[in-house]
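**Q** structure for this input, please:
(chains A and B)
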Number of protein chains: 2
Amino acid sequence: MTSFAIIGHSARTDGGFSLNDLPGSGGRMDVLCRCVNASLFLSHDLRRDVCCYLVLCGEPAGPKTVQFSGDVLRSLSPDERSAGALIKKALDTVCGNEFREAAAGVFVRKGGLDRLMTEHTFALLDEKGQDIRAAGSLPDSFLLSDHQNFSEQEESQLAACPRYSVGPRCLHADHTITVVHNELDRRICGWK
Amino acid sequence: MTSFAIIGHSARTDGGFSLNDLPGSGGRMDVLCRCVNASLFLSHDLRRDVCCYLVLCGEPAGPKTVQFSGDVLRSLSPDERSAGALIKKALDTVCGNEFREAAAGVFVRKGGLDRLMTEHTFALLDEKGQDIRAAGSLPDSFLLSDHQNFSEQEESQLAACPRYSVGPRCLHADHTITVVHNELDRRICGWK
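**A** Numbers count the residues shown, from 1 in each chain, chains lettered A, B, ... in the order given. The predicted structure is shown next:
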């Protein structure tokens, strides 16, 4: 199982955003929708061995985590609105500290990065990291930031995590996930 | 200058589609919007040395080609609706057989693949092609299909084109573009 977790620093933590304005009303929820797509889609198929975690840190509630589980996910289409509608449904679901299913394969709970870090050993995707192609073996859990840098507090929390870079240019989070998948696919299938 | 051209087999050729339903009303215009994003975006920047051509082949008009030119493009945001709005504006612009500017850096003309093939020497991005990492040198113009395969007629038109594959799994068109960019970035910057 490969996991990607993305921190949405300003992403809204209730369903009070419009699918017609994911960037503005959702606190750049569009960034997270594209990360869901990049994590989970193959052509005409889903990556059933992938989990995508969205760590939402914006207004108005405390942080929440939304999980998309490829193994049981249904009703996700590749367009941004489709992921946005499922996130909205999850955020409209009353939840506590444990994951609760809001739609098939989509779960939500209160809490953010602190809890997730007790459950996964993350490597960071970061332009200052080691070239992913040169790495001897790769981890199975990757953490990355949205359009903003990791905050100072996050940087200190994450100081001990290994860091990998996907290439010489600074990319959007979803593009970074796509390149990581390509590297993992190649290794699994014996392509160099 | 790197060019990507994407054939939208069912993509609408007038502006009569809704930004609230790009997949349904636009003939899978969402696929093309994501290809525009993958072709042109870096983190907090645009790839100024890239052109993206959308070859629209759906109802109701004959084929049209919409060009996004990174060197002069403005007003493009990463979300699908933003690219969709610019495509819609281009398709609402009266045009002839030569490119006409519909918005800064966005051009439209009548005609499709036949004309574009007289202007560019395309390589195809196709899962049956040579591994892009193993290729000695890479071309600067890439053609790929949307969510459908190339048609029989297109296949015969394109029979002489070299074909490259980005990896062992069959990917969405926009993910394929992202991986090609990563390979080109690495070569340009001297990363292996």
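
**Q** now do the helices in chain A.
**A** For chain A, the helices defined by DSSP state H occupy A:22-25, A:29-40, A:80-91, A:113-119, A:152-157, A:173-189.

**Q** most packed of those helices?
**A** With neighbours taken as mean count of other C-beta atoms under 10 Å in any protein chain shown, those reach their highest mean count in helix A:29-40, at a mean of 28. Yep, even glycine has a C-beta here, placed from its N, CA and C like the rest.

**Q** so what does that helix touch, helix or strand wise?
**A** Under the contact definition 3 or more C-beta pairs under 8 Å, 6 or more residues apart in numbering or on different chains; DSSP states H and E, helix A:29-40 sits against strand A:2-8, helix A:22-25, strand A:50-56, strand A:64-69, helix A:80-91, helix A:173-189.

**Q** please identify which of those is closest to residue B:184.
**A** Of all the helices and strands packed on helix A:29-40, helix A:173-189 sits nearest to residue B:184, with 12.2 Å by C-beta to C-beta.

**Q** what's around residue A:106, how many residues?
**A** Using other C-beta atoms under 10 Å in any protein chain shown, residue A:106 has 25 neighbouring residues.

**Q** if you could redo that for residue A:97, that was the one I meant.
**A** Neighbour count for residue A:97, taken as other C-beta under 10 Å: 9.

**Q** now residue A:20
**A** Neighbour count of residue A:20, defined by other C-beta under 10 Å: 12.

**Q** that one and chain B, how far apart?
**A** Distance, residue A:20 to chain B, using C-beta to the nearest C-beta, to the nearest Å: 6 Å.

**Q** now swap in residue A:64 and tell me
**A** 22 Å.

**Q** quick check: pLDDT value at that residue.
**A** Per-residue confidence (pLDDT) for residue A:64: 98.

**Q** so who does it touch?
**A** Residue A:64 sits next to A:13, A:56, A:91, A:95, A:108, A:109, A:110, A:111, A:112 when contact means C-beta atoms under 8 Å, 6 or more residues apart in numbering or on different chains.

**Q** can you pull the pLDDT of the closest residue in space to residue A:183 that isn't next to it in sequence?
**A** Among residues not flanking residue A:183 along the chain, residue A:132 sits closest, at 5.3 Å (C-beta to C-beta, 6 or more residues apart in numbering or on different chains). Per-residue pLDDT puts residue A:132 at 98.

**Q** thought residue A:132 was touching residue A:182?
**A** No - Residue A:132 is beyond contact range of residue A:182, at 9.7 Å (criterion: C-beta atoms under 8 Å).

**Q** quick one: the closest residue to residue A:85 other than its chain neighbours from residue B:103, how far?
**A** Distances taken as C-beta to C-beta, 6+ apart place residue A:19 nearest to residue A:85, at 6.0 Å, with adjacent residues excluded. Separation of residue A:19 from residue B:103 (C-beta to C-beta, to the nearest Å): 24 Å.

**Q** now do residue A:110
**A** For residue A:110, the distance to residue B:103 - C-beta to C-beta - is 43 Å.

**Q** now residue A:103
**A** Counting by C-beta to C-beta, the gap from residue A:103 to residue B:103 is 37 Å.

**Q** with residue A:18 instead?
**A** Plainly put, residue A:18 is 24 Å away from residue B:103 if you go by C-beta to C-beta.

**Q** and for residue A:65?
**A** Computed as C-beta to C-beta, the residue A:65 to residue B:103 distance reads 39 Å.

**Q** residue A:135 too?
**A** From residue A:135 to residue B:103 the distance is 42 Å (C-beta to C-beta).

**Q** so what's the residue count around residue A:191?
**A** For residue A:191, using other C-beta under 10 Å, the count is 16.

**Q** tally of neighbours for the residue nearest to it when sequence neighbours are not counted?
**A** Excluding the flanking residues, the one nearest residue A:191 by C-beta to C-beta, 6+ apart is residue B:168, at 5.4 Å. Neighbour count for residue B:168, taken as other C-beta under 10 Å: 15.

**Q** and for residue A:149?
**A** A total of 11 residues lie near residue A:149 under the criterion other C-beta under 10 Å.

**Q** one more: residue A:14?
**A** Neighbours around residue A:14, by other C-beta under 10 Å: 14.

**Q** who's in contact with it?
**A** Taking C-beta under 8 Å, 6+ apart, we find residue A:14 in contact with A:60, A:61, A:91, A:92.
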